[in-house]
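Output the structure for:
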Amino acid sequence: MTTESPFKSNILEKQVALVTGGSSGIGLEICRHLGKHGCSVVMMGRRAEMLRLAEKSLAEEGIRATGVQGDVRIPEDGVNAVKSAVDKYGRLDVLINGAAGNFLCAAENLSPKGFKTVMDIDTQGTFNMCHAAFPELRKSPNANIINISATFHYAAMWYQTHVCAAKAAIDALTRSLALEWGEYGIRVNGVAPGPVADTAGFSKLGGSLLDADNPDNPLVASIPLKRIGTKWDVAMSVLYLCSTAGQNITGSILVNDGGNWLHKPQILDRETVQSYSRSIEKKSRQEGIATTSKL
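Take a look at the predicted model:
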């Protein structure tokens, strides 16, 4: 699959983005591609060493990037991160909420504290950052908020009660803010990745136990496109929504999972279905029953 960006390198020229969870994984890849397309980037995270390494890595690629230590659960840290972005680069145009917490746990073994921790990081943290960024974003002619979500809550997911609740709330928040903040010119959208290889989240959720290159493994079998997503895939979705190509899109959740959330077990193979359909059609003709659809 291609890893070359289809976008012009200057589509985000002179813009400034703040990315939570930006020092590793999907967040770092988003920062990398925002930077490659002209954006100055501020990464917010809890671990100073990770931020330092990420800042160095991006700088070596010629990307203007700054790390700011902070916890999205603490409103004051969000305010400080926004201030740091404005002090460093003079403005704020884009907020990417990528900080998240996750772990596998059966509901009966999930403590109230564990449930609350994920809700605080994912949902409360997303609101904290949106609230902190609003005063600066409303000044921008190209204001964007993108909340990185998931697809688990579209139906349900084993051992992910806490995450399903948190992500469902984030999607609701995305739509509500899009409705209320549209008059300020702020677009608010979400990106909902499916399984993404080579990430901490993928490993935590058991992905490391599967052979991602084996088309017969149950995860790949559950994805209609028969491929596990990449960090690049998610970053391209973010670029699309941030660019002028998405200028009329707000309140939407862009699912990027190869069709995984649509998966239903294939009960009958194509050959069986075709044979059965032909036998029914033949029987109908023999009995003189009309088979023409009225649709």
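
show me what contacts the residue lying closest to Cys242 once chain neighbours are set aside?
For Cys242, ignoring the flanking residues on the chain, the nearest one in space by C-beta to C-beta, 6 or more residues apart in numbering is Asn144 at 5.1 Å. Heads up, the C-betas are built off the backbone N, CA and C, glycines and all. If you count contacts by C-beta atoms under 8 Å, 6 or more residues apart in numbering, Asn144 has them with Asp93, Val94, Leu95, Leu137, Ile186, Arg187, Val188, Asn189, Leu241, Cys242.

Surely the fifth one is in contact with Glu136?
No: Ile186 is not in contact with Glu136 according to C-beta atoms under 8 Å; the separation is 10.5 Å.

So for those two, which sits in the more crowded spot?
Just comparing Ile186 and Glu136: by other C-beta atoms under 10 Å the higher neighbour count belongs to Ile186, 22 against 19.

Now the more buried one. Its backbone dihedrals?
Taking degrees, to the nearest 10, you get phi -100, psi 120 for the backbone angles of Ile186.

count of residues packed around the closest residue to Ala178 other than its chain neighbours?
Nearest residue to Ala178, sequence neighbours excluded (C-beta to C-beta, 6+ apart): Gly251, at 3.3 Å. Counted with other C-beta under 10 Å, the neighbours of Gly251 add up to 16.

ok, longest helix in the protein?
Across the chain, the longest stretch assigned as helix under DSSP state H is helix 161-181.

Show me what it is packed up against.
Packing partners of helix 161-181 (3 or more C-beta pairs under 8 Å, 6 or more residues apart in numbering; DSSP states H and E): helix 112-118, helix 125-137, strand 144-148, strand 187-193.

Flag every buried residue along stretch 161-172.
For stretch 161-172, a neighbour-count test (16 or more other C-beta atoms under 10 Å) marks Thr161, His162, Val163, Cys164, Ala165, Ala166, Lys167, Ala168, Ala169, Ile170, Asp171 as buried.

where in the stretch 51-200 of the chain is pLDDT low?
Across the stretch 51-200 of the chain, residues meeting the criterion (pLDDT under 70) sit at 200.

For the stretch 151-295 of the chain, just list every one of the helices.
Secondary structure of the stretch 151-295 of the chain (DSSP state H, counting those that start in this stretch): helices at 161-181, 200-204, 218-221, 231-242, 270-286.

Those: which one's closest to Leu18?
With C-beta to C-beta as the criterion, Leu18 lies closest to helix 231-242 of these, at 12.5 Å.

send the alpha carbons of the closest one over as CSV?
These are the backbone C-alpha positions of helix 231-242, laid out as CSV (Å, rounded to 0.1, in the frame of the first residue of the first chain):
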residue,chain,number,x,y,z
LYS,A,231,-0.6,5.2,11.5
TRP,A,232,-0.2,6.7,8.1
ASP,A,233,-3.8,5.9,7.2
VAL,A,234,-5.1,7.8,10.3
ALA,A,235,-2.7,10.8,9.6
MET,A,236,-4.1,11.1,6.1
SER,A,237,-7.6,11.3,7.4
VAL,A,238,-6.6,14.1,9.7
LEU,A,239,-4.9,16.0,6.9
TYR,A,240,-8.0,15.7,4.7
LEU,A,241,-10.3,17.1,7.5
CYS,A,242,-7.8,19.9,8.3
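
so what does it touch, helix or strand wise?
Other helices and strands packing on helix 231-242, by 3+ C-beta pairs under 8 Å, 6+ apart, are helix 25-36, strand 144-148, strand 187-193, strand 253-256.

one more time with 10 Å, if that's ok
Applying 3 or more C-beta pairs under 10 Å, 6 or more residues apart in numbering; DSSP states H and E, one finds that helix 231-242 contacts strand 16-20, helix 25-36, strand 94-97, strand 144-148, strand 187-193, strand 253-256.
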